[in-house]
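# just coords:
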């Protein structure tokens, strides 16, 4: 499989559940990103990893916990979420973390928190 | 702080008509500028980008954009729209380390 893949594509969870989102890139990139996309709001950068090290945490609540075991895989662990966390969560990767590097996006996970 | 404004939330054009999507940015130095497209159920795909040089940038799928420093704009254009261009379009501005996205413009194409 090529590009950036995300699983699951849809997720419904209660506020007390624990779930994880998975992202995998097959592009040989070194940087990976998590974004939150909500209706009528700009894309919000959540986390950045470069060579498996977290380089940015954009003031994200601790109920979101990222994990990057290697340069090809990125997880977002979710626990005790709120209804306002319902959104499309996008993963992206790029060669490195420079702004000039094109980011390649996965199709996203549509998350609904009940 | 850098920011992007896409003033049109929704645009409808007829198939075969020309298209212009507006983007205005705020950034203290020479910006890096991007246009992305998001089709339903898909992630964002880069259409084109501007870093320096020729202010008219050609992208994929027949799109182009022009950087106008005096107007702080980077508008996206296409001379003849196809039904498959129906999607949401995002403008983004970047500095050395960070990219900021706009709220998007949803394009509807009618026969």
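Yep, that arrived. All values derive from a computational prediction rather than experimental measurement. Numbers count the residues shown, from 1 in each chain, chains lettered A, B, ... in the order given.

# Run a quick neighbour tally on the closest residue in space to residue B:17 that isn't next to it in sequence.
Of all residues not flanking residue B:17 in the chain, residue B:81 sits nearest, at 5.8 Å (CB to CB, 6 or more residues apart in numbering or on different chains). Every C-beta, even on glycine, is put in place using the N, C-alpha and C of the backbone. Counted with other CB atoms under 10 Å in any protein chain shown, residues neighbouring residue B:81 total 19.

# OK, contacts around residue 45?
The chain I'm using is chain A. By CB atoms under 8 Å, 6 or more residues apart in numbering or on different chains, the residues touching residue A:45 are A:33, A:34, A:35, A:56, A:58, B:98, B:99.

# should've been chain B
Contacts of residue B:45 (CB under 8 Å, 6+ apart): A:105, B:36, B:37, B:38, B:39.

# filter the residues you listed to the buried ones?
Among these, those buried by neighbour count (16 or more other CB atoms under 10 Å in any protein chain shown) are A:105, B:36, B:37, B:38.

# In this structure the third one contacts residue B:43, no?
No - when contacts are counted by CB atoms under 8 Å, residue B:37 is not listed as touching residue B:43 (10.2 Å).

# Quick check: residue A:110 touching residue A:38?
No - applying CB under 8 Å as the test, residue A:110 and residue A:38 come out as separate, 11.5 Å apart.

# Can you pull the residues that touch both of the two?
residue A:88.

# Enumerate the residues of chain A near chain B.
A:4, A:40-43, A:45, A:90, A:92, A:97-100, A:102-108 (CB under 8 Å from any CB of the partner chain).

# run the last query once more with 10 Å
Residues of chain A lying near chain B by CB under 10 Å from any CB of the partner chain: A:3-4, A:6, A:9, A:33, A:35, A:37-45, A:48, A:55-56, A:58, A:88, A:90-92, A:94, A:97-108, A:110.

# if we can go back for a sec, any idea which of the contacts of residue B:45 is closest to residue B:108?
residue B:39 (13.0 Å; CB to CB).

# Contact partners for that closest one?
A:107, B:45, B:84, B:85, B:86, B:87, B:88 (CB atoms under 10 Å, 6 or more residues apart in numbering or on different chains).

# Residue B:18: how many residues sit nearby?
Neighbours of residue B:18 (other CB under 10 Å): 11.

# now swap in residue B:54 and tell me
9.

# so what's the backbone phi/psi at residue B:85?
phi -80, psi -10 (degrees, to the nearest 10).

# For the nearest residue in space to it that is not next to it in sequence, identify the helix or strand it belongs to.
Closest residue to residue B:85 apart from its sequence neighbours, by CB to CB, 6+ apart: residue B:109 at 5.9 Å. Assigned by DSSP states H and E, residue B:109 falls within strand B:105-110.

# what comes into contact with that strand?
B:6-17, B:19, B:21-23, B:37-38, B:76, B:78, B:81-91.

# check contacts around the closest residue in space to residue B:101 that isn't next to it in sequence.
Spatially, and ignoring its direct neighbours in sequence, residue B:101 is nearest to residue A:43 (3.9 Å; CB to CB, 6+ apart). For residue A:43, the contact set (CB under 10 Å, 6+ apart) comprises A:35-37, A:88, A:90, A:92, A:105, B:36, B:38, B:44, B:90, B:92, B:99-104.
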